[in-house]
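A.B. asks: I'd like to go over a predicted model; first the sequence, then the structure.
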Protein chains: 2
Amino acid sequence: MSVKKSTSKKKTPAKKTPVKKSAKPAAAKKSTKLKGNMLIAQSGGPTMVINQSLVGAILEAKKHPEITSIYGSLHGIQGILNEEFINLKKETVKTLEDIAQTPSSALGSVRKKPAPEDCAKLFDVMKKYNIRYFFYIGGNDSAETAHIVNEEAKKAEYELHCFHIPKTIDNDLRENDHTPGFASGARFVACAFMGDNLDNRALPGVKVNVVMGRHAGFLTAASALARVHEGDGPHLIYLPERPFSMEKFADDVKKVYKKNGRCVIAVSEGIADKDGTSVAAALTSEVEVDSHGNVQLSGSGALGDRLSDYIKNKLHISRVRADTFGYLQRSFPGVASEVDMKEARAVGAFAVKTAVHSDVDGSIAIRRKAGKKYQSFFERVPLSSVAKETRHMPDAWINKAGNDVNKAFLDYVKPLVGKLPTIGAFKAVRVPKAK
Amino acid sequence: MSVKKSTSKKKTPAKKTPVKKSAKPAAAKKSTKLKGNMLIAQSGGPTMVINQSLVGAILEAKKHPEITSIYGSLHGIQGILNEEFINLKKETVKTLEDIAQTPSSALGSVRKKPAPEDCAKLFDVMKKYNIRYFFYIGGNDSAETAHIVNEEAKKAEYELHCFHIPKTIDNDLRENDHTPGFASGARFVACAFMGDNLDNRALPGVKVNVVMGRHAGFLTAASALARVHEGDGPHLIYLPERPFSMEKFADDVKKVYKKNGRCVIAVSEGIADKDGTSVAAALTSEVEVDSHGNVQLSGSGALGDRLSDYIKNKLHISRVRADTFGYLQRSFPGVASEVDMKEARAVGAFAVKTAVHSDVDGSIAIRRKAGKKYQSFFERVPLSSVAKETRHMPDAWINKAGNDVNKAFLDYVKPLVGKLPTIGAFKAVRVPKAK
């Protein structure tokens, strides 16, 4: 991975606030850097490497005299509203390095979109603590929050360098080739399917595995990495990008089962029917919705159980099982991808560098260099370009039948996930039948 | 780990078959070893290290001229009935070493108790292929099958050295201090709870995690290893060894939630009410039962969902989630325990050595040496002593309230599981509130 520092501003024009312009003329700005305290927070679903970004940002911030104190807000913007800050300069490098290796959000997280009444409070607090650098690590909803904070800062004529640092196992952030957290989640999913495929080969039947991903199928698609030997599952992959039909599903399973005597299936928790109705949400009597409008899909086995019951009853196959990988996909320690850890660390540091070196707001996007060897670089992009809306799996990576992914996706995902465990297989020379 | 070779016979008297006695007098037996082919198979639920035992047995068998060919039966005794054997001498050492590192049962598995009509067939086949050494890797049900095969061999006056090699993630095999597969399953469960505890700390609520274990709570109890820092979950642990009450469960959760603002719970899939009725099985309309009489509990999220719904409705806590760890607990690659891998390999080799060196049948039990430093050794025990019935968590390892385990259990399990991933935590010095 290489990092583009100087060119990033040129490529994507910095979105300077009116406040900035009036407070500091462009010419003066280059030599006089904004001085004040830094506040960093984490938001949305945790990942295995979100703490790498946190630590990357803290260690970088320590190098810059413009940043006086480094505060961590507990549980995202809720911590700002409650004035619950910890002093991150009091942590040793050893502690920071341990935290970096630790999954989940060490500062705590939150799923909260600031309501209009919250916004005034946010700036009262920022003023009181002289916060001039604000970093919010999260996905598209967190980018939206950072965007709102940034807009409110402008309205309040409060000089703030506001940055979003990307993370999401869903990999659905716009502008990015991929997002920190995705590769490690994908590595977990690939390993899980490797093991589960072997389990299903040993005791054949139909196995449904439900994978995270609210709107985008990237994580579910990563199950395809588990195929090592001929006949390996997953044999079918269903993504939110294609309408899901129970009848078509049963037909697909029937064909695979007839051919192989077994069938391993990857299903995204986000699958929806042709009208866009979530299959999982339709199974729940009380639908939970967060302040960003997201429906709760994880933390229940209902979708997997529904699909396995359907197959059992429709196809009369006796051994049908379902597992829902759940929160382990984003929190299991010790399986993070090397590339993901490095990039997550570097993107945190890059955001701080960019914030100090005159860009006033934005998000950091991860891009991929053209060429055979995998290399990535970072660029500053406007907050509005990643906030709210999500991106999806490119159509060209999904097969025509809508039940698998192709080589283009595998070429994309392999370098991110890295080397997977060795899966041995017997040559299996049959003993001739005795008479 | 050290291995007791010569003393094992003395401690547990070898159960010699009448056939043996008549065919080979005791005095003659010592110098004349039985010559013939070896058949090895795997049975029951796979584990992460069951292939270590398989490879340990194969590599050991290659050293003994008494063993002519080494055959692997596909899918346990079903492979014998179908005469589906592979020639294991045709596999390279590289392949065998790769297989050893690979989770699940490389020869395929089966859940089948031989019916009376199967038994005659089994011996017809064994005779045809001149099988004189038979090894069956599995749990208590597989030991029962090995016991039946052995008894049938006697009846048929067929000279066979029949051995059971232990494995089960449930850790419920009698005679054994612990069983191969358990420590790796326990390692997965401990890591899973480590990550999930952090996830729940970041986004607080109630989290129910369902862990495998039909009758014994060892694997669920291993979740206690996840506690590293103060306040870490699991905060409550429910085992099949104690009657489960929904009301008591809700009371426990209420107390923990009130104190910590969150609650992580480990629940065994095998929990049963005071009348012994399985809570999970009671949720299913069609109960699946195998030929050993085992009710299917895994491969469904129903128990977790039932418990989380109950808490949500009873305690009116909004964020309640459930995950069922499912088959990943026994199949996830790359997390196996070092001790487990070594012991699983050695116990396979020990069974072959014992079979060749005059013991005619039995199972190999893993014992623990007294003393501070962990050391294990092996002993031959009669097949009848491990077949069918299972063992449970000692009462002394469970707390009085029946919702946790104690230090005695942790002292027992820690050396088996080995070093767990580092979990960092901030010192978290609070920033004084600004005025």
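C.D. replies: Structure's in. What do you need? In this text, all values refer to a predicted model and were calculated from it rather than measured experimentally.
A.B. asks: Spatially nearest residue to A:Ala216 (excluding sequence neighbours)?
C.D. replies: Spatial nearest neighbour of A:Ala216, excluding adjacent residues (Cβ to Cβ, 6 or more residues apart in numbering or on different chains): A:Asp172 at 3.8 Å. For glycine as for every other residue, the C-beta is placed from the backbone atoms N, C-alpha and C.
A.B. asks: Just to be sure, A:Cys162 is in a helix?
C.D. replies: No: using DSSP: H, G, I helix; E, B strand; the rest coil, the secondary structure at A:Cys162 is strand, not a helix.
A.B. asks: I figured it was touching A:Ile148, is that so?
C.D. replies: No: with contact defined as Cβ atoms under 8 Å, A:Cys162 does not reach A:Ile148; the gap is 9.9 Å.
A.B. asks: what's the closest non-adjacent residue to the closest residue to chain B within the stretch 151-300 of chain A?
C.D. replies: As assessed by Cβ to the nearest Cβ, chain B sits closest to A:Gly299 within the stretch 151-300 of chain A, at 2.8 Å. Once flanking residues are discounted, A:Gly299 sits nearest to B:Arg321: 2.8 Å by Cβ to Cβ, 6+ apart.
A.B. asks: From B:Asn51, how far off is A:Glu288?
C.D. replies: Distance, A:Glu288 to B:Asn51, by Cβ to Cβ, to the nearest Å: 42 Å.
A.B. asks: what's the residue nearest to A:Ala216 in contact with, if anything?
C.D. replies: With contacts defined as Cβ atoms under 8 Å, 6 or more residues apart in numbering or on different chains, A:Asp172 is in contact with A:Gly139, A:Asn140, A:Thr179, A:Gly213, A:Arg214, A:His215, A:Ala216, A:Phe218, A:Thr390, A:Arg391, A:His392.
A.B. asks: Swap in 6 Å and give it another go.
C.D. replies: The neighbourhood of A:Asp172, defined by Cβ atoms under 6 Å, 6 or more residues apart in numbering or on different chains, consists of A:His215, A:Ala216, A:Thr390, A:Arg391.
A.B. asks: returning to what we had before: so for A:Glu288 and B:Asn51, which residue has more residues nearby?
C.D. replies: Set side by side, A:Glu288 and B:Asn51 show more neighbours around B:Asn51, with 30 against 16, by other Cβ atoms under 10 Å in any protein chain shown.
A.B. asks: check which helix or strand covers A:Gly185.
C.D. replies: Per DSSP states H and E: A:Gly185 is located in helix A:182-202.
A.B. asks: and if you look at A:Phe134?
C.D. replies: A:Phe134 is located in strand A:131-138, with elements delineated by DSSP H and E.
A.B. asks: Give me the contact status of that strand with chain B.
C.D. replies: No: applying Cβ under 6 Å from any Cβ of the partner chain, one finds strand A:131-138 separated from chain B by no less than 10.4 Å.
A.B. asks: and that strand, which strands flank it?
C.D. replies: Next to strand A:131-138 in the sheet, as set by DSSP bridges, lie strand A:36-42 (parallel), strand A:161-166 (parallel).
A.B. asks: just to revisit the earlier point, confirm that the residue of the stretch 151-300 of chain A closest to chain B sits in a helix.
C.D. replies: No: counting by three-state DSSP, A:Gly299 is not part of a helix but coil.
A.B. asks: Verify the stated contact: A:Arg380 with A:Asp361.
C.D. replies: No: A:Arg380 is not in contact with A:Asp361 according to Cβ atoms under 6 Å; the separation is 8.9 Å.
A.B. asks: So between the two, which is more surrounded?
C.D. replies: A count of neighbours by other Cβ under 10 Å puts A:Asp361 above the other of A:Arg380 and A:Asp361, at 28 against 24.
A.B. asks: Flag the shaky bits of the stretch 201-350 of chain A, pLDDT-wise.
C.D. replies: Regions of the stretch 201-350 of chain A meeting the criterion pLDDT under 70 cover residues A:285-287.
A.B. asks: For chain B, what's its nearest residue on it.
C.D. replies: A:Gly301 (1.3 Å).
A.B. asks: Quick one: the helices in the stretch 251-400 of chain A, in order.
C.D. replies: Using DSSP state H, counting those that start in this stretch, the helices of the stretch 251-400 of chain A run over A:302-315, A:328-331, A:338-356.
A.B. asks: which residues touch the first one?
C.D. replies: It stands for helix A:302-315. Helix A:302-315 has contacts (Cβ under 6 Å, 6+ apart) with A:206, A:208, A:210, A:246, A:250, A:253-254, A:280, A:283, A:320, A:322, A:324, B:300-301.
A.B. asks: Pull up the residues of the stretch 51-200 of chain A that are close to chain B.
C.D. replies: Applying Cβ under 6 Å from any Cβ, we find that the stretch 51-200 of chain A lies next to chain B at A:71, A:83, A:85-87, A:90-91, A:98-99, A:101-105, A:108-109, A:128-129, A:191-192, A:194-196, A:198-199.
A.B. asks: Quick one, which of those are buried?
C.D. replies: Buried by 16 or more other Cβ atoms under 10 Å in any protein chain shown: A:71, A:83, A:85-87, A:91, A:98-99, A:101-105, A:108-109, A:129, A:191-192, A:194-196, A:198-199, out of these.
A.B. asks: Let's verify the residue lying closest to A:Glu66 once chain neighbours are set aside: helix, strand, or coil?
C.D. replies: With sequence-adjacent residues excluded and distances taken as Cβ to Cβ, 6+ apart, A:Glu66 is closest to A:Lys33, at 4.5 Å. Secondary structure assignment for A:Lys33 (three-state DSSP): coil.
A.B. asks: Neighbours of A:Lys33, how many?
C.D. replies: The number of residues packed near A:Lys33 is 17, by other Cβ under 10 Å.
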